[in-house]
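>>> predicted model follows, preceded by the sequence.
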Amino acid sequence: MKKYTNIYDIDNIPEMIQEAIQLKEKPFAYKNLGTNKTLVMLFFNASLRTRLSTEKAAKNLGMEVMVLNVNDAWDLEFEDGTIMNFNTSEHVKEAAQVISQYSNIIAVRAFPSLIDKEKDASELILNSFIKYATVPIVNMESATMHPLQSLADAITIEELKMTKKPKVVLSWAPHPKALPQAVANSFVAMMKNIDVDFSITHPKGYELNPEITMNVSIHYNQKEALKDADFVYTKNWSSYTDYGKVISEDIDWMMTKDKLNGAKFMHCLPVRRNVVVEDAVLDSEASVVIQQANNRTYAAQIVLKKILENL
Amino acid sequence: MKKYTNIYDIDNIPEMIQEAIQLKEKPFAYKNLGTNKTLVMLFFNASLRTRLSTEKAAKNLGMEVMVLNVNDAWDLEFEDGTIMNFNTSEHVKEAAQVISQYSNIIAVRAFPSLIDKEKDASELILNSFIKYATVPIVNMESATMHPLQSLADAITIEELKMTKKPKVVLSWAPHPKALPQAVANSFVAMMKNIDVDFSITHPKGYELNPEITMNVSIHYNQKEALKDADFVYTKNWSSYTDYGKVISEDIDWMMTKDKLNGAKFMHCLPVRRNVVVEDAVLDSEASVVIQQANNRTYAAQIVLKKILENL
Amino acid sequence: MKKYTNIYDIDNIPEMIQEAIQLKEKPFAYKNLGTNKTLVMLFFNASLRTRLSTEKAAKNLGMEVMVLNVNDAWDLEFEDGTIMNFNTSEHVKEAAQVISQYSNIIAVRAFPSLIDKEKDASELILNSFIKYATVPIVNMESATMHPLQSLADAITIEELKMTKKPKVVLSWAPHPKALPQAVANSFVAMMKNIDVDFSITHPKGYELNPEITMNVSIHYNQKEALKDADFVYTKNWSSYTDYGKVISEDIDWMMTKDKLNGAKFMHCLPVRRNVVVEDAVLDSEASVVIQQANNRTYAAQIVLKKILENL
């Protein structure tokens, strides 16, 4: 594996999932693999789970980890040909090449603006690091994708599924702030690549990027969509059409125990209680969000392991 | 030992002190104990000594350490049943369970508001982590207690005492800002549990929580209180009665070399020179604050060692 | 080696450079040297290269590293005899002694005010740590010096020089913000101590501290100065005479491929493209800035190695 910037960097997804489940059994079995290898984690945005689980994963493999909140340094320039006499102090061309020399793998978190659709779609920050770094890049959530999350999600479904081909529904939920589509996008892409019966439900106007949802059935009637579901992934995202806007906060879309009707409740966290989902769900056996979060470590660890083996 | 949230979590305080002093002799003797074990340190508030000494202690035991300034992530919710459509992005129920999966021990620093007495007394943040985390919790200073500090204080007194039962006085000092009662509270509790002749002196209105100072003699006349003292712990705290208020900045309560009259000067640091204590004290042999700070490492290390042995 | 606060702490500079080049070949050869040794890195100012390369260097030697952004703790006091009843919470006397107990080496980054010339010249922060710490101090860029950078610069020149005594020119460049003289000062000092033909070119009014540039030829005509140069170190600094002021932003002083005329382009980074230097230089073979940044690791590592060997 040469990088992990989206789920398509995985050759064989089912195999990857099985190997992650094996790592979870013996997380320290490959502790020599990372000896004298360094992971640099660059954060342009806040992080709790991603920060801790990815750092833990690297240390489980014996790697050294250096964490840098980029905003503690200075603003980077990403445009070509700029006369840099304003806010930005260093071009990513230099930064990415330089950091590559201090590391063996660079992990990057850089959220979208949710203002400029085209720029977000271009994945300027992530792609600049892919372009200029001389070491493998791992995506810790970019403008449009969160592939470590969706790998953890797939591991969780594999661990918990009771039937060969479970029914999985991605159900939009209300939220007071505009959130990225990244988690939803990567989840959709992942579900299309594992053996599940997958569909999406959301209010009109919340259609995700049609290139990503192509061939996936979309329902505007949540109740019908959730019927006989085994797993319900609940998640808010802001509008893709009316880009970055909160066009509905309709509390009727909040996930409830009634609606779940026995299905497992999934969410990437952080989750706003009694807005996205009611307490009764999160505090019940139906919720598998803690297990999902735990699998973040093994998703990151299998990715780092594959990259280390290929260095 | 299953946690260290206040000094009552220690079974046998004198034994603990002796073991800490032995660790100080050979700090790396138990370096295998922490292999493949991770300490996550969560800071809701600023730290210098606690941060560095606790991290050092964990590394002396061979642990991995991950440090997270919680404010670099997002605001946590601590109340039950809230509709989280305002500032908080994640409930401590999820956060504590999730972080537990990435760690073997969680250390938490969370200061009081100094506004809401009842809420501070409830130790909402610390107790939420105790309640929801699935790994042992270490208190790196909470709303009302600083048990790692008072363990270091007790170690220092044990190292330096010249008589079997030294006279120890806790003497209030002026300070321009409202400070927590935590250090004073834990020091009082600790002194009640080791073999010292202990008393407190402060201006009227600065009485600490009477449940904590029960059976301790309190003097409003500093001069009389300090007579024949062996150790004088000088410390500011804001009023407990007129909760969180600075009701006096009376410079006459500043500690001086004259007042000490040969006693050892103790303080937890950081200390404001020529406000809490005059230069002449800190720059003399009477001051043992640097030794106290050094003992923070061994206080933390014996606590982590006991917890690791019990995992 | 007992500290590294300026380049004069190196006994034999050419030997030091050769040893750094050898370390670069086998960076992990001395990994046992740092066992149970801790580097504390204290940042009063932002850092990217210095942070990552120094941390990497320490870890290459097997050291533990603890990084503290001092501003995440509280304001330190540096003046003697102050009545500390205002902003500062802790005196460097205590802080430096305390941190020394948690570490074997302390590295400090503290920039100048660029307002108070005398105070900056006194190196108050760095010298306070030298004075009060009880462990060796490494300068990660102080008010007037950046000796880790100039050591990396000297290593780079040694690696790349095609003649025994190459011609090296330090050429001032425009910049929108007032920058320290530290990099330029240390570069000048270093060039005076290795076997190069060295000169400086800058607009009138940008003369550096004459004690530092003594015996170095200074040219106000950039074109003449650059003639037949092998290495051109381009760097902005604010005025030393009209202290801390930007007295010219003359774009004619920007470095171009034409001006370089085959010479190698050096810069410490971060560099503002098309202000300090045109894209055509940085994107060409003439630029050696990435190699310079890489050598920051080995400059720091040889310094830490020498200090560890002397502990």
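Cool, got the structure.
>>> next SSE downstream of the strand or helix carrying residue A:188?
In this assignment (DSSP states H and E), residue A:188 forms part of helix A:182-191. The helix or strand immediately downstream of helix A:182-191 is strand A:197-201, counting by DSSP H and E.
>>> tell me the SS of the closest residue to residue A:249 other than its chain neighbours?
Beyond its immediate neighbours in the sequence, the residue positioned closest to residue A:249 (C-beta to C-beta, 6 or more residues apart in numbering or on different chains) is residue A:174, lying 4.5 Å away. (C-beta placed from N, C-alpha, C; glycine too.) Under DSSP: H, G, I helix; E, B strand; the rest coil, residue A:174 falls in the coil class.
>>> can you give me the neighbour number for whichever residue of the stretch 1-150 of chain A sits closest to chain C?
Going by C-beta to the nearest C-beta, chain C is nearest to residue A:90 of the stretch 1-150 of chain A, at 3.3 Å. Neighbour count of residue A:90, defined by other C-beta atoms under 10 Å in any protein chain shown: 21.
>>> check which helix or strand covers the closest residue to it other than its chain neighbours.
The shortest distance from residue A:90 to any non-neighbouring residue, by C-beta to C-beta, 6+ apart, is to residue C:270 (3.3 Å). Using DSSP H and E, residue C:270 sits within no helix or strand.
>>> give me phi/psi at residue C:270?
Torsion angles at residue C:270 (phi, psi; degrees, to the nearest 10) stand at phi -70, psi 150.
>>> may I have the residues that are in contact with it?
Contacts for residue C:270 were tallied using C-beta atoms under 8 Å, 6 or more residues apart in numbering or on different chains; they are A:74, A:89, A:90, A:94, A:95, C:48.
>>> ok, now how distant is it from chain B?
23 Å (C-beta to the nearest C-beta, to the nearest Å).
>>> so what's that residue scoring on pLDDT?
Among the per-residue scores, residue C:270 shows a pLDDT of 97.
>>> what's around residue A:165, how many residues?
12.
>>> can you pull the buried residues of the lowest-mean-pLDDT helix or strand in chain A?
Every helix and strand of chain A was ranked by mean pLDDT, DSSP states H and E. The lowest is helix A:70-73, at a mean of 85. For helix A:70-73, burial by neighbour count (16 or more other C-beta atoms under 10 Å in any protein chain shown) applies to A:70, A:72, A:73.
>>> what's the answer for stretch A:180-199, then?
Buried residues in stretch A:180-199 (16+ other C-beta under 10 Å): A:180-191, A:194, A:196, A:198-199.
>>> run through who's touching stretch A:74-87.
Contacts of stretch A:74-87 (C-beta under 8 Å, 6+ apart): A:70, A:88-92, A:95, A:124-125, A:128, C:46, C:48, C:176, C:270, C:272-275, C:279.
>>> and those, which of them are in strands?
Under the assignment DSSP state E, these contribute A:90, A:91 to strands.
>>> what's the PyMOL line that selects buried ones from the contacts of stretch A:74-87?
To isolate the buried ones among those in PyMOL, judged by 16+ other C-beta under 10 Å, type:
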select buried, (chain A and resi 70+88+89+90+91+92+95+124+125+128) or (chain C and resi 46+48+270+272+273+274+275+279)
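>>> what's downstream of the least confident helix or strand of chain A, the next helix or strand?
Helix A:70-73 is succeeded, C-terminally, by strand A:76-77 (DSSP H and E).
>>> next up, the contacts around the nearest residue to residue A:94 once chain neighbours are set aside.
Excluding the flanking residues, the one nearest residue A:94 by C-beta to C-beta, 6+ apart is residue C:269, at 5.6 Å. Neighbour list for residue C:269: A:90, A:94, A:98, C:49, C:289, C:292, C:293 [criterion: C-beta under 8 Å, 6+ apart].
>>> could the residues you listed go into JSON lines alongside pLDDT and distance to residue B:229?
Below are the contacts of residue C:269 laid out as JSON lines (pLDDT from 0 to 100; distance: C-beta to C-beta, whole Å):
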{"residue": "A:90", "pLDDT": "96", "distance to residue B:229": "57"}
{"residue": "A:94", "pLDDT": "98", "distance to residue B:229": "61"}
{"residue": "A:98", "pLDDT": "98", "distance to residue B:229": "57"}
{"residue": "C:49", "pLDDT": "97", "distance to residue B:229": "52"}
{"residue": "C:289", "pLDDT": "98", "distance to residue B:229": "62"}
{"residue": "C:292", "pLDDT": "98", "distance to residue B:229": "59"}
{"residue": "C:293", "pLDDT": "98", "distance to residue B:229": "57"}
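>>> which two from the residues you listed end up farthest apart in space?
By the measure C-beta to C-beta, A:90 and C:292 form the most distant pair in the contacts of residue C:269, at 14.0 Å.
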